[in-house]
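Undergrad: based on what follows, work out the 3D shape:
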Amino acid sequence: FFELLKLESGHICSENDEVNHQSYRLNLNPCQGNIIYGEVETFQRDILEEEFNNNKKIFGKRYAKRHKCLIVDEVDNMCLDRARHVLYLSHEIEILTTETKDADDMSNSIDKISKFKGKSVENNNIYIPKYLHKFVKYKLKRWVDSAFQARIMTEDDHFVLNIPKTDGQNNQKQKTIIVLDKDTGVKQYSILWSHGLAQFLELKYRGKLPVESLKAVFISNKGLFQRYKSCLYDLTGTLGSENSQSFLSDLYYVKFADLSTSK
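TA: You can find the predicted model right below:
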């Protein structure tokens, strides 16, 4: 079928980024097409690195000039709960490397600890550089909340301890926190909890406190899908209600058509 239509295909699912990036630069004739399979977050990362890193050219001139379409398998990824997912490119905050109750009790404890730690920073009992005081004050309550959340989160329910794909070929393979999709049980290697939650879980289960990162640039699932405008196509076997279709039509300006089952 691909040969008949003069199509070539590739994927960006390899653990090696260079291998993935070759899929964008296949040596095709002008009349041919290029189909690339991959996960949403991988496409997002490549787009951000291409657009915000002047030294990194991923797609190449040929890819940039071609007419592009996006086909989304499972429209659930375009709905509100998934569309708000955001992929970030970030950098570490090196200066910050040093540092089960019911809902009401937990909330009160978070407020008390946040106020206590905030005053400790203001009185220099805990040393924080002055240029980070506003940042720490803004984030402190969220950090404390994340610490309590980490206490009640359990392995094999909210996350698993596994080796990241990027470390699969390293000699020293170290397990880390991998987020689990609660609906499907799929390991989400590219997702990292924010506001210190990932760091507290690492401390709890691995005895290490990694550096929290600041988000430099980002793109949401919704932002990626809307880039393709009239060239966005998707498939679903579950979203057939009038409300669901109306929501997706308003959000992405798409139309719906029924495909009959094969018999």
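
Undergrad: which helix or strand contains Leu140?
TA: For Leu140, the host element (DSSP states H and E) is helix 133-152.

Undergrad: kindly export that helix (C-alpha atoms) in PDB.
TA: Only the C-alpha atoms of helix 133-152 are listed here, as PDB (Å, rounded to 0.1, in the frame of the first residue of the first chain):
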ATOM      1  CA  HIS A 133      13.200  35.200  48.300                       C
ATOM      2  CA  LYS A 134      10.100  36.000  46.200                       C
ATOM      3  CA  PHE A 135      10.300  32.800  44.300                       C
ATOM      4  CA  VAL A 136      10.600  30.700  47.600                       C
ATOM      5  CA  LYS A 137       7.700  32.600  49.100                       C
ATOM      6  CA  TYR A 138       5.600  31.900  46.100                       C
ATOM      7  CA  LYS A 139       6.400  28.200  45.900                       C
ATOM      8  CA  LEU A 140       6.700  27.400  49.700                       C
ATOM      9  CA  LYS A 141       3.100  26.300  50.300                       C
ATOM     10  CA  ARG A 142       3.100  24.200  47.200                       C
ATOM     11  CA  TRP A 143       6.400  22.500  48.200                       C
ATOM     12  CA  VAL A 144       4.900  21.700  51.700                       C
ATOM     13  CA  ASP A 145       1.700  20.400  50.100                       C
ATOM     14  CA  SER A 146       3.800  18.200  47.800                       C
ATOM     15  CA  ALA A 147       5.700  16.800  50.800                       C
ATOM     16  CA  PHE A 148       2.400  15.700  52.300                       C
ATOM     17  CA  GLN A 149       1.200  14.300  49.000                       C
ATOM     18  CA  ALA A 150       4.400  12.200  48.600                       C
ATOM     19  CA  ARG A 151       3.700  10.600  52.000                       C
ATOM     20  CA  ILE A 152       0.400   9.100  50.900                       C
END
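
Undergrad: that one packs against which elements?
TA: helix 103-122, helix 197-206 (3 or more Cβ pairs under 8 Å, 6 or more residues apart in numbering; DSSP states H and E). The way it works is simple: take the backbone N, C-alpha and C, and place the C-beta from them, glycine included.

Undergrad: out of the ones you listed, which gets the lowest mean score?
TA: Lowest mean pLDDT within these: helix 103-122, at a mean of 58.

Undergrad: quick one: low-confidence parts of the stretch 101-250 of the chain?
TA: For the stretch 101-250 of the chain, the stretches with pLDDT under 70 are 101-124, 164-173.

Undergrad: let's see it at 80
TA: The model of the stretch 101-250 of the chain has pLDDT under 80 over residues 101-129, 131-132, 162-175, 181-192, 206-216, 237-240.

Undergrad: where do the helices of this protein begin and end?
TA: Taking DSSP state H, the helices of the chain run over residues 17-22, 40-52, 60-65, 80-83, 103-122, 133-152, 197-206, 221-227, 242-252.

Undergrad: ends of stretch 54-67, what's the gap?
TA: 23 Å (Cα to Cα, to the nearest Å).

Undergrad: report how many residues lie close to the residue nearest to Trp143 when sequence neighbours are not counted.
TA: Sequence neighbours aside, Gly196 is the residue nearest to Trp143 in space, at 4.4 Å (criterion: Cβ to Cβ, 6 or more residues apart in numbering). Counted with other Cβ atoms under 10 Å, residues neighbouring Gly196 total 22.

Undergrad: equivalent analysis for Phe2, please.
TA: Phe2: 10 neighbours (other Cβ under 10 Å).

Undergrad: domain parsing of the chain, as residue ranges.
TA: 7-83+220-252, 123-211 (automatic domain parsing).
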